[in-house]
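# Just need the structure, nothing else, for what follows:
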Amino acid sequence: MGHPKLASKEQMTSSDEMTNVAYAPLVLIVMLNWNSVEETRTALDSVLRMSYPNFRVLIVDNGSKDGSNVALRELAGDRVELLESPTNTGYTGGCNFGLRRALEIGAEYAWLLNNDAVTGPNTLSSLVALAESDEKIGLVTPRIAALDEDRLTFAGGVVSPKRRLYNETNDPAVAAQWEKEFPDAGLVIGTAMLVRAEVIRRIGVLDTAFFAYFEDIDYSARSTRAGFRNVVDEKALVRHFEKNRNTRPLEIKPHYWYYMARNESRFWRKHLGLPGGWKLMWHSCNGFLRHRNRLREKPESQRAILAGLWHGWLNRGGEYDPAARMPALVAALVEWYSQREALQPR
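Residues are numbered from 1 along each chain as shown. Coordinates of the predicted model:
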């Protein structure tokens with residue numbers, strides 16, 4: 001999607017201006033580390049090469065058990081701060097440390113950047129310039145591309161609980177059409193999400209009950225409900241290690257399946273209540289049962305999906321427990337239903 005139309009060129013803040021510290025708002029870049037120090041090093045290296053002149057970095061070590069926190073202490077300095085959490089607080093808890101820290105230091109934006117992502121030299125300049133062009137813009141994301149392929153994985157999305165609407169696309173033409181059709185229902189994803197400080201003050205931080213995954217969809221919905229616009233910067237790109245559940249499902253770890261199966265149901269229940277959201281929860285359930293049928297070689301992932309679906313219907317949150325199970329009788333009924341309805345992978 002393109003930059004919003006303004007009344008005149010004189011009113012537009014350019015990305016060139018964003019390379020001048022006199023024009024550049026302070027941005028706190030928040031990166032989470034959990035037992036993955038080399039990925040964090042690579043991501044940080046790309047950040048420190050950016051042209052944007054007015055940023056600081058907060059690395060949150062989220063209860064790593066592999067000595068990451070010790071290695072990361074060597075990276076701390078004038079521009080880079082390390083916060084060591086004694087426990088794993090999830091993506092939501094870790095990012096919330098950063099969102100609150102951004103307000104404490106007077107930053108005008110927080111940029112949540114995954115530690116398995118790599119940014120280009122002008123990405124942040126472009127994102128901030130777009131955000132500065134309209135004070136109603138609350139969240140901004142670049143387009144996302146695969147780390148190991150020249151292929152877009154995210155070009156835009158829409159989310160509107162009121163319209164019972166949620167979808168994402170990697171097709172720029174589809175994203176542009178959605179922007180025209182649903183200008184007040186923009187969706188951004190947490191891979192590289194720029195957050196205006198006023199959004200944090202107005203709607204708070206991420207919902208920790210999600211723990212990981214779907215919290216960005218929830219935050220997008222909350223942002224638009226508060227009157228902000230969420231947009232994709234078509235001029236900016238970040239590359240990210242892709243977890244493609246459709247093309248490479250066997251490579252994905254069980255915790256991903258658990259959180260996604262649980263949190264999509266929790267999202268609809270949170271925003272619509274059980275009576276209003278049950279049809280969408282049921283639709284989500286059928287989708288994950290199709291995924292489950294593709295994972296015959298990964299019984300631990302199958303169990304994680306069933307546990308996630310069960311906890312989603314119960315509206316549970318928090319961290320994934322590998323020992324979690326859907327009750328045996330319920331699982332048997334789900335298996336019978338899955339075969340009866342021929343919920344085969346699409």
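# and Glu234, helix, strand or coil?
strand (DSSP: H, G, I helix; E, B strand; the rest coil).
# Below-threshold pLDDT in the chain: ranges please.
For the chain, applying pLDDT under 70 flags the ranges 1-22, 244-247, 342-346.
# cutoff 90 now
Residue ranges of the chain with pLDDT under 90: 1-23, 67-69, 78, 147-150, 241-251, 338-346.
# all helices of it, in order?
Assigned by DSSP state H, the helices in the chain fall at 37-48, 68-73, 90-104, 123-132, 172-181, 197-203, 215-225, 254-293, 299-314, 328-340.
# Pick the most buried one from these.
Most buried of the helices of the chain by mean neighbour count (mean count of other Cβ atoms under 10 Å) is helix 123-132; its value is a mean of 26. Every residue, glycine included, has its C-beta placed from N, CA and C.
# Please compute how far it lies from its chain's middle.
18 Å (Cα atoms, centre = their mean, to the nearest Å).
# how much does that helix deviate in direction from helix 37-48?
60 degrees (axes from the mean of the first three to the mean of the last three Cα atoms, to 10 degrees).
# ok so, going back, so which of the helices of the chain is nearest Thr191?
helix 215-225 (8.2 Å; Cβ to Cβ).
# just to revisit the earlier point, could you redo the helices of the chain as JSON lines and give each row distance to Glu242?
Shown next, in JSON lines, are the helices of the chain (distance: least, Cβ to Cβ, whole Å):
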{"stretch": "helix 37-48", "distance to Glu242": "14"}
{"stretch": "helix 68-73", "distance to Glu242": "23"}
{"stretch": "helix 90-104", "distance to Glu242": "17"}
{"stretch": "helix 123-132", "distance to Glu242": "18"}
{"stretch": "helix 172-181", "distance to Glu242": "17"}
{"stretch": "helix 197-203", "distance to Glu242": "27"}
{"stretch": "helix 215-225", "distance to Glu242": "16"}
{"stretch": "helix 254-293", "distance to Glu242": "12"}
{"stretch": "helix 299-314", "distance to Glu242": "17"}
{"stretch": "helix 328-340", "distance to Glu242": "27"}
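# Tell me which of the ones you listed lies nearest to Leu139.
The closest of the helices of the chain to Leu139 is helix 215-225. By Cβ to Cβ, the value is 5.3 Å.
# does Leu75 really touch Ala43, like I thought?
No - taking contacts as Cβ atoms under 8 Å, Leu75 lies outside contact range of Ala43: 11.0 Å.
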